[in-house]
Structure formats: C-alpha cells, structure tokens
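# model this:
(2 chains)
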Protein chains: 2
Amino acid sequence: MEKPSLPSGTRDFGPDTMLRRKYLMGTIEEVFRLFGFRPLETPALENLRTLQGKYGDEGDQLLFKVLNNGDFLAKAPENLLQQKDSKSLTSHITDRGLRYDLTVPLARFVVMNSNQIQFPFRRYQMQPVWRADRPQRGRYREFWQCDADVVGSKSVLNEADLTGIYDEVFCRLGLGVRIRLNHRGIFDSMAEYLGGTEQLLSFMQLIDKADKIGFEGVLKELETKAIPNATETWTFLHTTNALRTATEKLQALKNWPGANPGALAPAIAEMETLFSLCKDCRNPLDLDLTLARGLSYYTGTVFEVVPADDAIPESFSIGSIGGGGRYDNLTGVFGLKDVPGVGISFGLDRIYDIIEAAGKFPDLKGSSTRVLICPMLEAAYGMAYQLAGMLRNEGISCEVYPGAAKLKKQLDYANHRQAGWAVILGETEIENQTIALKNLETGNQENINISEIKNHLHLWQS
Amino acid sequence: MEKPSLPSGTRDFGPDTMLRRKYLMGTIEEVFRLFGFRPLETPALENLRTLQGKYGDEGDQLLFKVLNNGDFLAKAPENLLQQKDSKSLTSHITDRGLRYDLTVPLARFVVMNSNQIQFPFRRYQMQPVWRADRPQRGRYREFWQCDADVVGSKSVLNEADLTGIYDEVFCRLGLGVRIRLNHRGIFDSMAEYLGGTEQLLSFMQLIDKADKIGFEGVLKELETKAIPNATETWTFLHTTNALRTATEKLQALKNWPGANPGALAPAIAEMETLFSLCKDCRNPLDLDLTLARGLSYYTGTVFEVVPADDAIPESFSIGSIGGGGRYDNLTGVFGLKDVPGVGISFGLDRIYDIIEAAGKFPDLKGSSTRVLICPMLEAAYGMAYQLAGMLRNEGISCEVYPGAAKLKKQLDYANHRQAGWAVILGETEIENQTIALKNLETGNQENINISEIKNHLHLWQS
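Numbers count the residues shown, from 1 in each chain, chains lettered A, B, ... in the order given. Prediction:
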C-alpha cells in the first residue's frame, strides 16, 4: 500500500509546534483586543466572481478553484472540450475558489452587511489562505494571515493604533523590529516632476527592487528608462533617507523642488501626526522614503516590519514579517463607494521561523499535562480516577496512564510528556490510602496521606 | 454591479457571533487540555487518494475536489471529454480535495509520523471540514468539528476520560445533557442468534431508525426482513433498556439466551469498568442498548450526547450534539496495522444554536473595548494617545475615537460597542489637565485630575 503523503506546500502542525503557534496567535490576538479590535471569520470557500480580478493576472492564476459538484461537464461547451482549452473551460466547471487573502473577504463582508455595521469598523481576522504558488523554503500553499483593519475612517489616528499594535506585539514576543513607514502622497507629489502618473508607477516599481539590487542597481536601471528626472529623484530619496529623524527627512522633502507643495502638504501633515503620536514606541520607527512596496495599490500610509539586525541569527536571511497600508476605496470593487480602509498583517509563518531560530519561544510545558497518575494494578483505577477528578477540579491538567503497565513504561511516558510529577498507586498505597509522589525533575519521591493531598496542590499548578 | 454573495452552505461569522464561538471553543479546548490532550492541525487540502474510499460511496460524492493548476486538460483522455463523462474525468483533473472530517487526517498523520509519536497519543483538533451536502437548517457545507482522540491504547480507561470530558464541558457551558453509551461487542454477541454477521449489520441499520420511526416502526420493518429472531431481539433490547440502571441492564443481558456468553463477557466487563469509573459524572450516563449509530464502523464503545429534555426550548428539535466511539484499526486503511483509537466529537454549530436558543451565553462584553477615549479637538490627540497607552499597559482594552467628531457621534459609537466608560477630552480638560469620565451605564459624569487616574483603573478592568 502506498504511504500517505501531504500535498506539496502544505503542512501538519504537531502538538509541540501547535503550542508555539497558539502562543504566537494568542499574543497577537490579545493585543488586537487591547486595541479594541474584534474578530471576524469568513468561509474558506468564496464564489470565484468574488475573488477573480482582484489580485491581478498573476493572482487569478494562483487561485485554487473547486470543481463543481455533480455532472460538472453537462453544460460545458463542446468546442472547449475538443480543443482541450483548459483556461476557457475553467469558468464553466468551477464556481468557487479558496480564499486568497483576508482583505477581499473583508470588503465583501462590509458590502454585504453595510446596514448593520457601525463604522469605524475595527476587525481582526486570523485564518489560513491558499495560493497555488511554487512552494519553496518559507513559502507555502496554505499559510496563515493575521490581519487588523479599520474600515470607514480616513483619520491617521488609525495608523497610530496599527503602529502601536506592531510595537506592542513584538515587544511581547521579545523580538526587536524596525517599523518602516512611507506615504503614497509623497510619491504622488513627484508625479509631475517625473513626467506623469504612468512614469511615477514604473519609477515606484523599479525602486522597489532596491532591497535586492541596491542603490546602484536601481540607478543603473533608471538610466535606461525614459522617465524624466528619475535618477535625480532616486538620488534625492536615497540621500534624504540617510538623515537621522523623520522630522529632518520631511523638512528636506518640503525644501525639494521636485515635489509639488500642494500635493505634498497633506501627506507631510499625516506623517508628522503619526510620528508625534507614536513617539513612545519602543521599537524604532523609520520614515523610509525609498519604501515603495505595495504603494501601487495603497493610497496613503504604507507599513513594513523587518526584524532588527541583532534579532536574527546570522545566516538567517528573511524578508519582511509584516506589512500593510491605507486604501481609499476598499469596497469599490464591489460597488460600494467611498469606504476607506487601513490595515496591517502579521506574517505568522515567518515570525514563527525567526523566533524559533532565535530560541525565543518561552517554556510552554505548563500548558500540557502537569501530573501523570500511574495505576500499578487494576484495583487502583478507581482511586486514580478519583484523584484525577480532584486535580482537574483545581484546574491542574493531568492524565491517568491507560492501563496497569510497568512503572518504567509509565514514567517514560511521563517524561516524554514533560509532566512535572508522577503519582504512583500500587498495592501498598491502596492499603494505606497514601500516594507515592515523584518529582520528575529531581527524582525525589515521598509518600503522602490521601487526606493531605490538598496541601500539595499548589506545587502542581502551573 | 452584481452584489457579492456567499457560496451556498457557507457563513460569515461577525464579531458578536465570533466572540460567542470563541467562548465555546475556548471552553472545550480548556477541558481538552485539563485532560492532557494536546493540539494538532492538519491542512485543509489533502491528496484525494488520502480521502477517497474512506467515507463510503456517498462520502466520495460529497468530497470537494480542487481543480489541478495550469493546463489541467493536457493529460485528460480525449474519449472522456468527448463523452462528457464527468465522473471518470474527475480523477484526471483533480489531485486534491478538502478535508471531510478530522479522523482520516489523524490516521494519516499517525502513519506518517509513527516513529516520532509517543503512544498513547492524546490529541485534540478543532478545524472546519467541508461536505458538498445539500444545505438545510443546521446543516452547512463548511462546518466545525472539535475532536479528541486517544491513539494506541486499547484500555477502556480512555473511554472514562472521554466521558469525563463530555461531562465537564457541558457542565461548564451550563447545558444539561444525557450521555448515551453502548458497545459493539454486545451486538456482536448476538450475531449467531440473528443468523450471522450480515444479518447483524442490517439489524443494526434498521434499529438505528428508532429515533425517527419509534419502537413499533422498527418492529414492523423487522417483520419484513429475513433475519432470524430479529423481532424478539429488538423487543428484548427495547424492554431491557427501560430498566433503571446500567447494572440491571447488563445483568439482563447476561441472563438472555440470545447473547453468546463468551463474546459478551469482554464487552460487559468494559461497560462495568466504565460506569464504575464515571460514577461521579454530573450529567446522566445512560447505557442505551438500542443505540446503534455508527456501530457498523466502530468496534467497541460508542458515544452519543443529546441535550437533556429541559435544556432545549420547546419547538426546538435537534439531534445529537456529540458522538464518537472506538475503532480497533484506525490506521489500517493506510497500511499500519494494530493501532487502536477511540475518540469523541463536539458538534460546535448545533451546540451554538442550542445555547443561543436557551439564552445561556454569558455576557461577553468584557472581551471588547472597555473605554472609549473621545478627543473633542485635534489638540487633544496627543493626550488621548498617552492615556490609551497608560490604560493598555494595565491590560484595559480601549480605543481612541479616530477624529474630533461631535460628542453625540462618539458616544453613540461607544454605546454601540458596549463600552463601559467614555473619557472626554475637550479644551477645558487639556487646560486643566483633567479628564471628563462618563459612566455609560449610569450616565454619571465626573472630572478627574490626570494624576489621579491611576486610582480609577480598577473600575475599567473587566
């Protein structure tokens, strides 16, 4: 018989991994709640017309599509079948697909429930998404997104909250990060200088490669393009970015003739407010004027979070672990106009990998079995279950070993489970109404009268 | 533009619903942990060869199948396309499907990781599953299962733990239930009397309808079948079931000539141990000799949980809200022999519906925003964020209203969010370094000096 396997790009999460994932997700969720966000969950299955056309041509290719049930070929056009035209046939045999991100489902939810929702709507959502991407190290076909968004408010105060969430989460996780910020309005103010909107977009696309090919690499590529003032603008952004504070950078922008002052002013004002409200953040906040990631679809602030240099073990290169931004027209694709949104996302899988590589997961033993009760003979079962009931009533996680196996086997199991204590119930113990209590860390063992167990419970609580 | 919609049989869970679902799942999870079970999660996408042939012909029909990516028709046999043979074509264009339950993925996980797993393996799993069933009231195409299983132990002590979990969860939820138990071995002991294994299986299938068609209905149907001693056996089971205690019922079985004593003895012994270990359960435990549900694939104990009569509002008819059983050969379908398992499942969606209908959800306001900070002018933003930071440091969930909107609008929002308190920051407050603190339940308002806020924090903690 063939050994079973997993589809490429998917993973099982066994108990040890799950406890750590739950710690991460629990930490993020607790902070979301602290900032007044509330949970939303949407189905894994969405209608394909909800998903298609929202993620560009590449995204449409990467959607997982679900075959219609029943006689799915009945209504399929015969010529497409004859021509084996997979692409055109798809829409005739699939109506549904798997969620590709959490933002489009949020927009759909808001449109379908706009009468019931009280705006601003602060929601968080932590669910898997699916993309038929080529799997590679750190890239999966089923992976988790943890998003927080505010829908229905244009105020930059929301950006301050989202920045605060990033800061608080990574402080709690003990992982130093840099929070990078930029604003689409700053780029828009240069559109004229660069020859128009089209040129601006290709300029942004090019400088987005700086992480990979460096300042000089971008410069070289810009030289080959017919974008007016491109190299000068790039040099200005690069130089200005080296200034120490956001205030200095914003001042330099104001003094730079390439930026249209009228278009620039609102973006500058928002950045000033944001940096002023976030002055107490414990992680460094960078105004990164070269950050263009996602700015082709975001319309205001854009966020990116990267691990601080000293947080990552050497030879462990990883990209951003969070990102987001503002979009003026979240629900426009579904016909509901003028609903702005701003949101951030945590890259759960990458955060997991970094924290594990840095050895920063806390000891999570306490969330598993604390006490293993070891019956040495069948006659001890009743006593074992009575004791288990007593411990569980006190909130102490425990197990009865299922059967009167040899002590060594039972203790091996207890050690494997990282239990702190074993309670051994043999013939003598039943006769004397005592228990043999073994501390599995020290190996010490003592006999305790059953009536005195209550005095020991505090030892077992985690 | 067409209004967006959800696929039939799927649901969004908005914030109020999610908070209640999280309360349910959190309660179940906490009890699983208390009993020493640890979490597992498996991917939504499984290879179809993992899923197919595991749930019977009907199950195979109800699997959601995912279209292969790329040019999926390239290798499809042309004759199947010409004949529009949907059924035969499926295996050529789909390799993966959506998880149908949590038991087959558990078996697959155990087989793939049998070298690393320390048995007995106690795992819980709470994830959605998908079935292309016809949607109707209370039946969804995407729904949640919450399972706990013990793999690798034949001892009935595991059944005692699983019974204890049911008892503890429904006690915590304040929902009275009846826990029904039966044992496949009891039926097996009647196989000879009923004319053989085949006859036994059709006997079990028929009496499983008793919930719908009653004792007389089953009797009538049995009369038409060529199963020896069927009506007599059914009458015996029905009559014996009316006895008061499990002990009396088991005694009656022992005395009944239709049961083969050798085959019956181990089943009786297990039931006696189980009832004796579970004598402290607070919900009634019924040995239900007519319970045949699932016994065609379970091999030992079978569980079913139904709401107690007085727990359900009138005119709210609902079936079982939990079930499970023992299977001697969990992993045999994947080629790993002799791995026994026993498990239970909670029907989350039905439990939700009952608890909601019975009005038994607790007040979950405390898990949302406690304090809304209301800036009445832009100059108050800084003070608002300082205060928010102070409250969040104390673990108090709060929001700053995003913008200096009119007070009425801000207070409407606070009330909608069920916040307990509003902090109003206007011009006077900034000047005097005070806050106006409004109790949103009583409407009382007082002015507090900023330096004294620390003395009020206890009011806001939930």
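# residue A:6: neighbour count?
By other CB atoms under 10 Å in any protein chain shown, the residues close to residue A:6 number 19. Every residue, glycine included, has its C-beta placed from N, CA and C.
# just confirm it contacts residue A:12, I think it does.
Yes - using CB atoms under 8 Å, residue A:6 makes contact with residue A:12 at a distance of 6.7 Å.
# which neighbours do the two share?
Listed contacts common to residue A:6 and residue A:12 are B:43, B:112; contacts here mean CB atoms under 8 Å, 6 or more residues apart in numbering or on different chains.
# residues touching stretch A:435-451, excluding its own?
A:387, A:411, A:414-415, A:419-426, A:429, A:432-434, A:453, A:456.
# again, only this time at 6 Å
Here stretch A:435-451 makes contact (CB atoms under 6 Å, 6 or more residues apart in numbering or on different chains) with A:414, A:420, A:422-424, A:429, A:433-434.
# could you identify the most distant pair in the residues you listed?
Comparing all pairs in these by CB to CB, the longest separation belongs to A:420 and A:433, at 23.6 Å.
# counting neighbours, go ahead and name the busier of the two.
More neighbours surround residue A:420 than the other of residue A:420 and residue A:433, with 20 against 10 (other CB under 10 Å).
# can you name the residues that contact that one?
So residue A:420 contacts A:370, A:440 (CB under 6 Å, 6+ apart).
# go again with 10 Å.
For residue A:420, the contacting residues are A:365-366, A:368-372, A:414, A:438-441, A:459-460, A:462, by CB atoms under 10 Å, 6 or more residues apart in numbering or on different chains.
# what's the closest of those to chain B?
For the contacts of residue A:420, the residue nearest chain B by CB to the nearest CB is residue A:369; the value is 4.0 Å.
# ok, that closest one touching residue B:122?
Yes - judged on CB atoms under 10 Å, residue A:369 makes contact with residue B:122 at a distance of 8.5 Å.
# what do the two both touch?
A:399, A:417, B:35-38.
# just curious, which of those is nearest to residue B:139?
Closest approach to residue B:139 among the shared contacts of residue A:369 and residue B:122 (CB to CB): residue B:37, at 27.6 Å.
# tell me if I'm right that the closest one and residue B:122 touch.
Yes - using CB under 10 Å, residue B:37 is in contact with residue B:122, at 4.6 Å.
# mutual contacts of the two, please.
With CB under 10 Å, 6+ apart, residue B:37 and residue B:122 have common neighbours A:15, A:368-369, A:399, B:148-150, B:161.
# which of these fall in strands?
Using DSSP state E, the members of those that fall in strands are A:399, B:148-150.
# tell me the spacing between the residue nearest to residue A:258 when sequence neighbours are not counted and residue B:52.
Leaving out its chain neighbours, the residue that sits closest to residue A:258 by CB to CB, 6 or more residues apart in numbering or on different chains is residue A:193, at 4.2 Å. Distance, residue A:193 to residue B:52, using CB to CB, to the nearest Å: 61 Å.
# how about residue A:66?
Residue A:66 sits 16 Å away from residue B:52, going by CB to CB.
# between the two, tell me which one has more neighbours.
Between residue A:66 and residue B:52, residue A:66 has the larger neighbour count (other CB under 10 Å), namely 26 against 16.
# that one in helix, strand or coil?
Here residue A:66 is recorded as strand under DSSP: H, G, I helix; E, B strand; the rest coil.
# quick one: contacts for it?
Contacts for residue A:66 (CB under 10 Å, 6+ apart) come out as A:44-46, A:48, A:93-98, B:7, B:64-67, B:94, B:97-98, B:130, B:132.
# can you tell me the closest non-neighbouring residue to it?
Spatial nearest neighbour of residue A:66, excluding adjacent residues (CB to CB, 6+ apart): residue A:96 at 4.5 Å.
# that neighbour: what secondary structure?
Put simply, residue A:96 is strand when judged by three-state DSSP.
# what about it, neighbour count?
Neighbour count of residue A:96, defined by other CB under 10 Å: 25.
# over to the one 4 residues further on?
Residues within reach of residue A:100, counting by other CB under 10 Å, total 23.
# ok, now how distant is the closest residue to residue A:401 other than its chain neighbours from residue A:403?
Leaving aside its sequence neighbours, residue A:401 sits nearest to residue A:410 (CB to CB, 6+ apart; 4.6 Å). To residue A:403, residue A:410 is 9 Å away according to CB to CB.
# tell me which of the two has more neighbours.
Set residue A:410 next to residue A:403 and count neighbours by other CB under 10 Å: residue A:410 wins out with 21 against 17.
# shouldn't that one be within a helix?
Yes - counting by three-state DSSP, residue A:410 falls inside a helix.
# what sits against it?
Residue A:410 makes contact with A:372-376, A:401-404, A:422, A:424, according to CB under 10 Å, 6+ apart.
# how near is it to residue B:275?
Distance of residue A:410 to residue B:275, computed by CB to CB: 25 Å.
# hey, C-alpha coordinates of stretch A:427-434 in PDB?
The C-alpha trace of stretch A:427-434 is given here as PDB (Å, rounded to 0.1, in the frame of the first residue of the first chain):
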ATOM      1  CA  GLU A 427      -0.900  -2.200  46.300                       C
ATOM      2  CA  THR A 428       0.700  -0.600  49.400                       C
ATOM      3  CA  GLU A 429      -0.700   2.800  48.500                       C
ATOM      4  CA  ILE A 430      -4.200   1.400  48.200                       C
ATOM      5  CA  GLU A 431      -3.900  -0.400  51.500                       C
ATOM      6  CA  ASN A 432      -2.500   2.600  53.400                       C
ATOM      7  CA  GLN A 433      -4.600   5.200  51.500                       C
ATOM      8  CA  THR A 434      -1.500   7.000  50.500                       C
END
